[in-house]
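**Q** Generate a structure from the sequence data that follows.
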Amino acid sequence: MDLTHLKYFQAVANSGSMTRAARMLGVSQPTLTVAMRNLEERLKTTLLIREHNGVSLTSTGRELLSHVSDVFARLDKAEQMIAGLQADDVGTFTLGCHESLGAYFVPGFMKRFLQRAPKVTLSLWNGTSRDVWQAVLERKVDYGLVVNPLQHPDLVLTELFHDAVDVLVEKSTRPADLTLESALDHIRGNALILAGRVGQCQQLLDALASLGAHPTRVLNCGDLEMVKSLGLAGLGVALLPRRVAEYGHTGGLIRLHPALPTVPDTIALAYRGDMHRTRGAILLKDELVAFGRALA
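**A** Predicted structure coming up:
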């Protein structure tokens, strides 16, 4: 349905006169007459009763007027909201991240960002880094915090900070006479705790095996948080990203030996290159980058 015809109809209905409506709209009366005829043909009804001193609405005309008023009110509101999105720090966004990464990144970031931008609505989406990467690509997530992301022509990847998956133990269980060989013996004599679905943990397990460090048993957990809990309980040697081990339990888990192999991680912010760059979107991106780089 032609919005111009609806606008003309609203003017005619409110003024009660084709002549006054034409003058108000700045169009000729024949143009207005043709538009009203076309609208009545489109709706297959008579909307206006032509009288010698003006026009009046039929029952269907009154019904249409109520909806037309609602349509234009909604359009006005939409224009105001769009103008606000372009000119103000507002908007609704989704941030994706792995649960363990988010556990040490998101609380501090949210506290700072929501004070800075109280009119921005931010929700969280959790999954593996690969899942987050895919969700950004599929536009399910606006921004993603990802570990060692793959390059993609549709994505912008901004490096934030670094981490490493390391060999960690509860501090009271580390051997006192620490040498590389005693560290390897410690691994051989204890359980090795890891999240098997995390590729870096499997790489580190293989690297330790190449040094002859075969543990008495391998405890394969579903996620890094379980690995951390078991490691803090002193149940064995934990393979964990250092930042995951550190948050909330500073110094609880420490490196078994600095000469043991590690697997480096790069944490990056991912978003689509064709992202709609409203003020709120740009502000959120800049704040994520600033907070992430401060962690470096």
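**Q** and residue 231, how many neighbours does it have?
**A** Residue 231 is flanked by 27 other residues according to other C-beta atoms under 10 Å. Any C-beta I mention is one placed from the backbone N, CA and C, and that applies to glycine too.
**Q** ditto for residue 234
**A** 12.
**Q** wait, isn't it in contact with residue 172?
**A** Yes: between residue 234 and residue 172 there is a contact at 7.0 Å, judged by C-beta atoms under 8 Å.
**Q** any idea which element the nearest residue to residue 201 once chain neighbours are set aside lies in?
**A** With C-beta to C-beta, 6 or more residues apart in numbering as the criterion, residue 201 has its nearest non-adjacent residue at 4.2 Å, and that residue is residue 194. Using DSSP states H and E, residue 194 falls within strand 191-195.
**Q** Quick one: list the elements packing against that strand.
**A** Packed against strand 191-195 by the contact rule (3 or more C-beta pairs under 8 Å, 6 or more residues apart in numbering; DSSP states H and E) you find helix 199-210, strand 217-221, helix 224-232, strand 237-241.
**Q** is it possible to export the ones you listed to CSV including distance to residue 115?
**A** Listed next are the helices and strands packed on strand 191-195 as CSV, based on distance: least, C-beta to C-beta, whole Å:
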stretch, distance to residue 115
helix 199-210, 34
strand 217-221, 36
helix 224-232, 28
strand 237-241, 28
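**Q** Point out the most buried one among these.
**A** Mean neighbour count (mean count of other C-beta atoms under 10 Å) peaks for strand 237-241 among the helices and strands packed on strand 191-195, with a mean of 28.
**Q** Helix or strand next in line after it, which one?
**A** Heading C-terminal from strand 237-241 (DSSP H and E), you reach helix 242-246.
**Q** List the buried residues in that next one.
**A** 242, 243, 244, 245, 246 (16 or more other C-beta atoms under 10 Å).
**Q** ok, how many other residues are close to the nearest residue in space to residue 92 that is not next to it in sequence?
**A** Nearest residue to residue 92, sequence neighbours excluded (C-beta to C-beta, 6+ apart): residue 121, at 4.3 Å. Using other C-beta under 10 Å, residue 121 has 13 neighbouring residues.
**Q** next one: residue 144
**A** Neighbour count of residue 144, defined by other C-beta under 10 Å: 30.
**Q** Which residues are in contact with it?
**A** The contact partners of residue 144, taken as C-beta atoms under 8 Å, 6 or more residues apart in numbering, are 95, 96, 97, 132, 133, 135, 136, 269, 270, 271.
**Q** Mind checking which of the residues you listed are in helices?
**A** Among these, the members found in helices (DSSP state H) are 132, 133, 135, 136.
**Q** Is it correct that residue 141 falls within a helix?
**A** No: membership of residue 141 in a helix is not supported by DSSP: H, G, I helix; E, B strand; the rest coil, which gives coil.
**Q** surely it meets residue 125?
**A** Yes: using C-beta under 8 Å, residue 141 makes contact with residue 125 at a distance of 5.1 Å.
**Q** overlap in contacts of the two?
**A** Common neighbours of residue 141 and residue 125 (criterion: C-beta under 8 Å, 6+ apart): 94, 95, 96, 132, 135.
**Q** I'd say the fourth one and residue 96 touch.
**A** What that stands for is residue 132. Yes: using C-beta under 8 Å, residue 132 is in contact with residue 96, at 4.0 Å.
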